[in-house]
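Asker: heads up, no residue letters with this:
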RNA sequence: GACCCCAUCGUCUAGACGGCCCAGGACAAUGCCCUUUCAAGGCAUGAACGCGGGUUCGAAUCCCGCUGGGGUCGCCA
């Protein structure tokens, strides 16, 4: 490549949950493209959603990205010439930029309440109309707008989209993409809380950080016109757009945690090798020439081009990933495997964390492994404990539903320590109408495939959130397949 | 529903300029071999160009339509 402008790309995750495999996927292509072109790969944390962003999530994302081996050149932790790299620390920048837009008339204050907007959308949907903001506040005079804002009335700032014409942009993988302006509504740029939305912060930062190529997931394709309008409004040169296909579930829908393990923590805990994961992700929508499918990161970088991307959304297949991981594992020498085991669950730290759970239950060292075996396993076999999976008086469906609901409740559980889990689980049982005793036994068997284990919450903590949730889900699947009991034949009950 | 994107075996994909493709590899499946067992490995089998029109001497490859799938329509990203 001989482009004069240095390539700068970024991965811009939102720290609102567990590190996502999709983030690693998009990061991979950004990283590879940057390295291929001797450019920079930047990590920017998009934490503009004050209610959902957490520092723990940010840390976990950075750890996971490091674990797979995609180290950034600039980022919130290591700094760089275009910092800060955390959007919450750039609020002032967005405020200034949005002010310019309001000044020039490219954006305007909107005083509509959330209730009005919801009613509006509801009505539009009911009538089968175009769903979007109707532009009520767009017509307000500058004086009215300023008076109301000055009086302290809450407002958001919206982008004044052109109402006619069309916007055309070039996606590197698809060519020209056209949208009719009339069907794009006035996007909110700044929320009532003074924080920017994705659209504003992203465009401003991409420009200020000198991003040359925006490599992101296809779900962003339909908001690109709004971004184009923003670039125009600021008088900036837009970057090149590259929208990667979306990773899919087996049913072809966008990959989701209900249908796939999606947390990078799960892959780490399950003993996937980062290089195998990366290799596998590299085969999702991209291919190296010929019949090859195994390649290292460096090999991918050496020959990378966007020309070899196919746009059909690839189904993420855990089975094939496992097979590939097996190939990598077998290619290691003995010492190499030992080293991997040591960085996995045979680390001193992990073993030490299990000792308090096992110590009192052991008389001899040889009992340690049988006692703790399920801490080192992946998916369990529930067939031997099938009779313990169904509490008396509960149908398979009720039981499976209970487990699934619990998994979902666990998703938003931040404190995964025993002290944090116990009250949560008790509250959950009560709310669901389950006796704590039967509920705890169900969970115990689900996460361990045993009736006797160390204390439940310590066990869950030791397993980790990702593995615990995976087991609960698998258990729910297992239970769901159990035959329903025959209908109660309550004859003569004297 | 509106708009946008996409379309090769069940899945990931190969298929540069249309002919070398009655479509290749891998995972999964099945069978056989190897083997005390289980893996691994080897061999083999079944399995796809969504449909309809064009263009062309010739199309999986180009064009159009249809169908199908997906994404987006949030004071979430």
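Answerer: Sure thing, it's come through. Since this is a predicted model, take the numbers as computed values, not measurements.
Asker: when you work out contacts or count neighbours from here on, use the C-alpha atoms and nothing else.
Answerer: Noted.
Asker: so where does residue A:468 fall, helix or strand?
Answerer: Using DSSP states H and E, residue A:468 sits within helix A:465-480.
Asker: residue A:167 sits in which helix or strand?
Answerer: Per DSSP H and E: residue A:167 is located in strand A:166-171.
Asker: what about that strand, distance to the chain center?
Answerer: Mean-position distance between strand A:166-171 and its chain equals 28 Å (Cα atoms, centre = their mean, to the nearest Å).
Asker: is the next helix or strand along the chain from that strand anywhere near RNA strand B?
Answerer: Per DSSP H and E, the first helix or strand lying C-terminal to strand A:166-171 is strand A:175-180. Yes. Applying Cα under 7 Å from any atom of the strand, one finds strand A:175-180 touching RNA strand B at A:176-180.
Asker: tell me the buried residues in stretch A:126-138?
Answerer: By neighbour count with 16 or more other Cα atoms under 10 Å, stretch A:126-138 contains the buried residues A:131-133, A:137-138.
Asker: can I get those in JSON lines with distance to RNA strand B, secondary structure and pLDDT?
Answerer: Shown next, in JSON lines, are those (distance: Cα to the nearest atom of the strand, whole Å; DSSP: H, G, I helix; E, B strand; the rest coil; pLDDT from 0 to 100):
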{"residue": "A:131", "distance to RNA strand B": "5", "secondary structure": "coil", "pLDDT": "86"}
{"residue": "A:132", "distance to RNA strand B": "5", "secondary structure": "coil", "pLDDT": "89"}
{"residue": "A:133", "distance to RNA strand B": "7", "secondary structure": "coil", "pLDDT": "91"}
{"residue": "A:137", "distance to RNA strand B": "12", "secondary structure": "helix", "pLDDT": "91"}
{"residue": "A:138", "distance to RNA strand B": "14", "secondary structure": "helix", "pLDDT": "92"}
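Asker: distance to residue A:291 added to those, as CSV?
Answerer: CSV is the format used below for these (distance: Cα to Cα, whole Å):
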residue, distance to residue A:291
A:131, 47
A:132, 47
A:133, 50
A:137, 58
A:138, 57
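Asker: closest to residue A:405 among the residues you listed?
Answerer: Using Cα to Cα, residue A:131 is the member of the buried residues of stretch A:126-138 that lies nearest residue A:405, at 31.9 Å.
Asker: need the contact list for the closest one.
Answerer: Counting by Cα atoms under 8 Å, 6 or more residues apart in numbering, residue A:131 touches A:121, A:124-125.
Asker: of these, which is the nearest to residue A:456?
Answerer: When the contacts of residue A:131 are ranked by distance to residue A:456 (Cα to Cα), residue A:121 comes first, at 45.9 Å.
Asker: wait, the closest one sits on residue A:132?
Answerer: Yes. Using Cα atoms under 8 Å, residue A:121 makes contact with residue A:132 at a distance of 6.6 Å.
Asker: flag every buried residue along stretch A:302-309.
Answerer: Buried residues in stretch A:302-309, counting neighbours by 16+ other Cα under 10 Å, are found at A:304, A:309.
Asker: burial count for residue A:19?
Answerer: A count of nearby residues for residue A:19, using other Cα atoms under 10 Å, gives 25.
Asker: same thing with residue A:295?
Answerer: 18.
Asker: helix/strand/coil for it?
Answerer: coil (DSSP: H, G, I helix; E, B strand; the rest coil).
Asker: how close does it get to RNA strand B?
Answerer: Distance check for residue A:295 against RNA strand B: by Cα to the nearest atom of the strand, to the nearest Å, it reads 12 Å.
Asker: ok, now residue A:146?
Answerer: Residue A:146 sits 16 Å away from RNA strand B, going by Cα to the nearest atom of the strand.
Asker: helix, strand, or coil at that residue?
Answerer: Under three-state DSSP, residue A:146 comes out as helix.
Asker: ok, it - how many residues close by?
Answerer: Residues near residue A:146, counting by other Cα under 10 Å: 13.
Asker: over to residue A:314?
Answerer: 21.
Asker: residue contacts, it?
Answerer: By Cα under 8 Å, 6+ apart, the neighbours of residue A:314 are A:245-248, A:284-285.
Asker: could you check how far it is from residue A:211?
Answerer: According to Cα to Cα, to the nearest Å, residue A:314 stands 27 Å off from residue A:211.
Asker: rewinding a little: filter the contacts of residue A:314 down to the ones near RNA strand B?
Answerer: When contact is defined as Cα under 7 Å from any atom of the strand, the contacts of residue A:314 meet RNA strand B at A:246, A:284-285.
Asker: closest one of those residues to residue A:224?
Answerer: Closest to residue A:224, out of all of these and judged by Cα to Cα, is residue A:246, at 16.1 Å.
Asker: name the element the closest residue to that closest one other than its chain neighbours belongs to?
Answerer: Nearest non-adjacent residue to residue A:246, counting by Cα to Cα, 6 or more residues apart in numbering: residue A:313, 5.3 Å away. Following DSSP H and E, one finds residue A:313 outside all helices and strands.
Asker: correct me, but residue A:313 touches residue A:249?
Answerer: No. Counting by Cα under 8 Å, residue A:313 does not reach residue A:249; the two are 9.6 Å apart.
Asker: just to revisit the earlier point, which of the residues of strand A:175-180 next to RNA strand B sits closest to residue A:165?
Answerer: The closest of these, once distances to residue A:165 are taken by Cα to Cα, is residue A:180, at 6.3 Å.
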